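A.B. asks: model the structure of this input:
(2 chains)
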Amino acid sequence: MGIEPKKYSMPVQQPSQRIHNFNEVALGYTEELAVAEARRCLNCKNMPCVNGCPVNISIPHFIAEIKQHNFEKAYSIIAEASSLPAICGRVCPQETQCESKCTLGIRFEPVAIGRLERFVADYHNSHNTQTVEPCVTNEKKVAVIGSGPSGLACAGELVKSGYDVTIFEALHRLGGVLVYGIPEFRLPKSIVDKEIQSLKNYGVKFERNTVVGKTVTVDELIENDFDAVFIGTGAGLPKFAGICGEGLNGVYSANEFLTRINLMKAYESDAKTPIMRAEKTVVIGGGNVAMDAARTALRLGAKSVSIVYRRSMDELPARREEVEHALEEGITFELLCAPVEIIGRDNFVSGLKVRKCKLGDPDEHGRLKPIEIENSEYVIDADCVIIAIGTSPNPLIRRTTLQISFSERGCIVVDEFGKTSKNGVYAGGDAVTGAATVILAMGAGKTAANAINKYLSNMNNL
Amino acid sequence: MMDIYAPQVAKKAQAGQFIILRVDDDGERIPLTVAGFDRNNGTVKIIFQIVGATTSLLNTKNVGDCITDFVGPLGCPTRTDGLKKVCIIGGGVGCAIALPLAQKLHNAGAEVHSIIGFRNRDMVILEEEFKLCSDKLVVMTDDGSYGSKGFVTVELQKQISGGEKYDEVFAIGPLVMMRSVVAVTKPQDVPTTVSMNPIMIDGTGMCGGCRLTVGGKVKFACVDGPDFNGFEVDFDEAIARSSMYKDFEARAHNCNLYKGVT
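C.D. replies: Below is the predicted model of the structure:
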């Protein structure tokens, strides 16, 4: 039997239906589909996919277990390397990571590693009845700041090593970017809640509504008998484009727009938090957040939604699947287009003036540089403009913890193990790297947890 | 006016900072400036005007009731170092925020002149409290039903023209009032701090909804403020932005105007 050249497609909600609801778009493989897809894996000896995975999941091994219908075994293989497989299976940019290295990809489509990971994690979550017991056995206390991917991963590792872990979260809800940033239709919040519940069962404590840097400082945490601190505060400060008209009503940062929807549920008809229900929405940016904002705007009832991006389709940094879903849902892409000015009428947005671009030579990151073409301006009608051009790290800890070194961009400086310049304080995730991916943040949380474990064990031996 | 038991917040709060609260599980997050704190009893004083659904709901709470979330203290405290003589201007509910500042400066030995303004006699609050911490106090009402008639700026102009030299003027109140205060102080080059209270969600720098243009740059009231140099704030933009959800608030508040309208 020959190899199926294409990935088995994953069942999805139909576009015409899903643009009217916030339910998850991708529905996941069935057991049959998962086994069939797993059979496409060549099980190569040199396992190039593993090198493509930021946390080096033993990919061919877990896929081999799927072939045998040993789904729980497959899960335990993934869990050795990843703390949040149900989440990463959904939000990782697999096409630039593991799947980009897949040998099968040389001639055909690569194995759908992400879909298989998701299947295994969902299978485990719905079949596993094993209850988790609290495992705090140690008197050493660790404070984890932020309940996003890096904090959850770090706390998970530490509690399993017996430490007494407390996670501090600034918002009223736990999960960080997983709950305020990524929409329900891409990552159901019940999955995040499940991960958090499991940490609670292990004995992790959570303190919501605590803004470290304001309510309490890092120094005070250490004085108040925490033996080590992990900072996973992410990169939450939105960037603006610096163009005229950004102060107009109807202009949102993607963070504000998505927070109103995801965290505050402003899309519900009886919501207490307001959101503008626009007819024509324009989103500036080409990353996952831009796709999320655009698709959310559509679900809020916008008649037209367009994405304005300075480069072409090939350079879009968003996950391929999100771009495809956005296209299927009817979002238009104004490519090779740079925003010039937001135009308003009576203090409200009425349009976005853009200028055409062409692609020039590669920049320092190897991406082709957009060059604006003179006298090519035109106006896109809009009553809402969402700016999704990136975020930078939050300044609150920087301003109140003077012994920690920060880079010029405001990122925390750490060594390869996540250690900061202050003794006993570790950091990881977007707060260190600037805006990146869930999997990298999770990996950094785990790395730092190992370093904290070593640090505290050595302390014991003194 | 309410005292909220929140020992961690009370321990840290300083004049000029704010808190964010949610009344119930489905509630919105609203920012309120700290109007006082009792570190021993662990309480934080808040004062609010009923403007929308959340403040209406908050108003139904009685002594001993709980609210779901209360986070803070957020924002930067008001800077008062080295000030010897100041004029503090409070407008309406803004007086509640101005009071702890007046007290702080008074206790630090500064000469405090306070001008507090209200719409009419019934709206006057905190007069006695201001008296205790002000070397000079003038109460104004728009309609003259109490104190002197007119806006706070009339009195401020009089003081400055009369030769009073202030190290700093603090204006805390409606945006239009703060803009008018700056219109008086800027030509005389009297340093002026204003306290901005824009629309906010998280209060930690995450959403940018509270952004203002200050000195031509985008600033976030939640992490860079809420105090700013009054000379540099783009008030017209701030006033326009504050009206973004006016329709929504009117509906949420069950205004008769919107009844039967879908």
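
A.B. asks: just the CA trace of stretch A:110-128, in PDB.
C.D. replies: What follows is stretch A:110-128, C-alpha atoms only, in PDB (Å, rounded to 0.1, in the frame of the first residue of the first chain):
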ATOM      1  CA  PRO A 110       4.200  16.100   6.200                       C
ATOM      2  CA  VAL A 111       2.600  14.000   8.900                       C
ATOM      3  CA  ALA A 112       0.000  16.100  10.700                       C
ATOM      4  CA  ILE A 113       1.900  16.000  14.000                       C
ATOM      5  CA  GLY A 114       0.000  18.800  15.600                       C
ATOM      6  CA  ARG A 115      -3.400  17.100  14.900                       C
ATOM      7  CA  LEU A 116      -2.100  13.900  16.300                       C
ATOM      8  CA  GLU A 117      -0.800  15.600  19.500                       C
ATOM      9  CA  ARG A 118      -4.100  17.300  19.900                       C
ATOM     10  CA  PHE A 119      -6.000  14.000  19.400                       C
ATOM     11  CA  VAL A 120      -3.800  12.200  22.000                       C
ATOM     12  CA  ALA A 121      -4.300  15.000  24.600                       C
ATOM     13  CA  ASP A 122      -8.000  15.200  24.000                       C
ATOM     14  CA  TYR A 123      -8.300  11.400  24.300                       C
ATOM     15  CA  HIS A 124      -6.400  11.400  27.500                       C
ATOM     16  CA  ASN A 125      -8.500  14.300  28.900                       C
ATOM     17  CA  SER A 126     -11.800  12.600  28.100                       C
ATOM     18  CA  HIS A 127     -10.800   9.000  29.200                       C
ATOM     19  CA  ASN A 128      -8.400   9.500  32.000                       C
END
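
A.B. asks: buried set for that stretch?
C.D. replies: Residues A:110-125 are the ones in stretch A:110-128 that count as buried (16 or more other Cβ atoms under 10 Å in any protein chain shown). No exception for glycine: its C-beta is placed from N, CA and C like everyone else's.

A.B. asks: what's the answer for stretch A:381-395, then?
C.D. replies: In stretch A:381-395, counting by 16+ other Cβ under 10 Å, buried: A:382-395.

A.B. asks: could you do stretch B:6-16 as well?
C.D. replies: Those would be B:Ala6, B:Gln8, B:Val9, B:Ala10, B:Lys12, B:Ala13, B:Gln14, B:Ala15, B:Gly16, for stretch B:6-16 by 16+ other Cβ under 10 Å.

A.B. asks: who's in contact with the first one?
C.D. replies: Under the criterion of Cβ atoms under 8 Å, 6 or more residues apart in numbering or on different chains, the contact partners of B:Ala6 comprise B:Ile19, B:Gly42, B:Thr43, B:Val44, B:Phe70, B:Gly72.

A.B. asks: likewise the third one?
C.D. replies: With contacts defined as Cβ under 8 Å, 6+ apart, the neighbours of B:Val9 are A:Thr215, B:Ile19, B:Phe37, B:Val44, B:Phe70, B:Val71, B:Gly72, B:Pro73.

A.B. asks: show me these that map onto strands.
C.D. replies: Using DSSP state E, the members of these that fall in strands are B:Ile19, B:Phe37, B:Val44, B:Phe70, B:Val71, B:Gly72, B:Pro73.

A.B. asks: from the buried residues of stretch A:110-128, which land in helices?
C.D. replies: Using DSSP state H, the subset of the buried residues of stretch A:110-128 located in helices is A:113-125.

A.B. asks: from these, which is closest to A:Thr233?
C.D. replies: A:Ala121 (26.1 Å; Cβ to Cβ).

A.B. asks: re the thing from before, out of the contacts of B:Ala6, who has the most neighbours?
C.D. replies: Counting neighbours by other Cβ atoms under 10 Å in any protein chain shown, B:Val44 leads the contacts of B:Ala6 with 30 neighbours.

A.B. asks: partners of it in the sheet?
C.D. replies: B:Val44 has these beta-bridge partners by DSSP bridges: B:Ile4, B:Phe37.

A.B. asks: wait, it touches B:Asp3, no?
C.D. replies: Yes - using Cβ atoms under 8 Å, B:Val44 and B:Asp3 qualify as a contacting pair, with a distance of 7.1 Å.

A.B. asks: could you name every residue contacting both of these two?
C.D. replies: With Cβ under 8 Å, 6+ apart, B:Val44 and B:Asp3 have common neighbours B:Asp38.

A.B. asks: quick check: which ranges of chain A have low pLDDT?
C.D. replies: Chain A contains residues with pLDDT under 70 at A:1, A:460-462.

A.B. asks: near chain B, which residues of it are found?
C.D. replies: With the criterion set to Cβ under 8 Å from any Cβ of the partner chain, chain A comes near chain B through A:170-172, A:180, A:208-211, A:214-216, A:236-238, A:240, A:242, A:246-250, A:252-253, A:255-256, A:259-260, A:263-265, A:271-274, A:276, A:347, A:394-396.

A.B. asks: in helices, which of those residues appear?
C.D. replies: Under the assignment DSSP H, these contribute A:Tyr180, A:Asn255, A:Glu256, A:Leu396 to helices.

A.B. asks: which one of those residues has the most neighbours?
C.D. replies: Using other Cβ under 10 Å as the neighbour test, these are led by A:Asn255, with 28 neighbours.

A.B. asks: residues in contact with that one?
C.D. replies: Contacts of A:Asn255 by Cβ under 8 Å, 6+ apart are A:Tyr180, A:Gly181, A:Gly236, A:Pro238, A:Val289, A:Thr391, B:Met206, B:Cys207, B:Gly208.

A.B. asks: looking at the residues you listed, spot the one nearest B:Ser180.
C.D. replies: If you rank the contacts of A:Asn255 by distance to B:Ser180 using Cβ to Cβ, B:Gly208 comes first, at 27.6 Å.
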